[in-house]
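# Predicted model, plus sequence, below.
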Amino acid sequence: MRQDPEIAAYPAAVLLRIDPQNGEARDFLLRSIKPLTETLGYDDMPPELAVLGADVCGKLGRGASAAIPALTRLLKSQFPQVRKAAREALGRIGSRP
């Protein structure tokens, strides 16, 4: 059963964007990297959520290395803002395809 992206990690992702030093949000997202990565792979994901997900992965740095394949797929998005967010996230994680 597919999880709704907003339910999977959205609240913690928003909190991490507001306060990048929030340890609880960071820890939650690191534990939830698999569902977050899976949501990035949905073809019908709204571009705003894809940007948010990529941004959060970038803020998690190397801890989000499991998201590299999903972020790499986002580089082919039809939306320029999604491609840009994916490139930046991959750079922060330490992988430039």
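Cool, got the structure.
# pLDDT score assigned to residue 42?
Here the pLDDT value assigned to residue 42 is 76.
# What is the three-state secondary structure of it?
Counting by DSSP: H, G, I helix; E, B strand; the rest coil, the backbone at residue 42 sits in coil.
# residues near it, how many?
Residues lying near residue 42 (other CB atoms under 10 Å) number 15. The C-beta positions use only the backbone N, C-alpha and C, and glycine is treated the same way.
# Next: residue 24.
11.
# One more: the one 10 residues further on?
Using other CB under 10 Å, residue 34 has 11 neighbouring residues.
# Spell out which helix or strand contains it, please.
For residue 34, the host element (DSSP states H and E) is helix 33-40.
# buried set for the helix or strand just after that helix?
Next helix or strand after helix 33-40 toward the C-terminus (DSSP H and E): helix 47-60. Under the neighbour-count criterion of 16 or more other CB atoms under 10 Å, helix 47-60 has 47, 49-60 buried.
# So what's the gap between helix 47-60 and the chain middle?
Distance of helix 47-60 from the chain centroid (CA atoms, centre = their mean, to the nearest Å) equals 4 Å.
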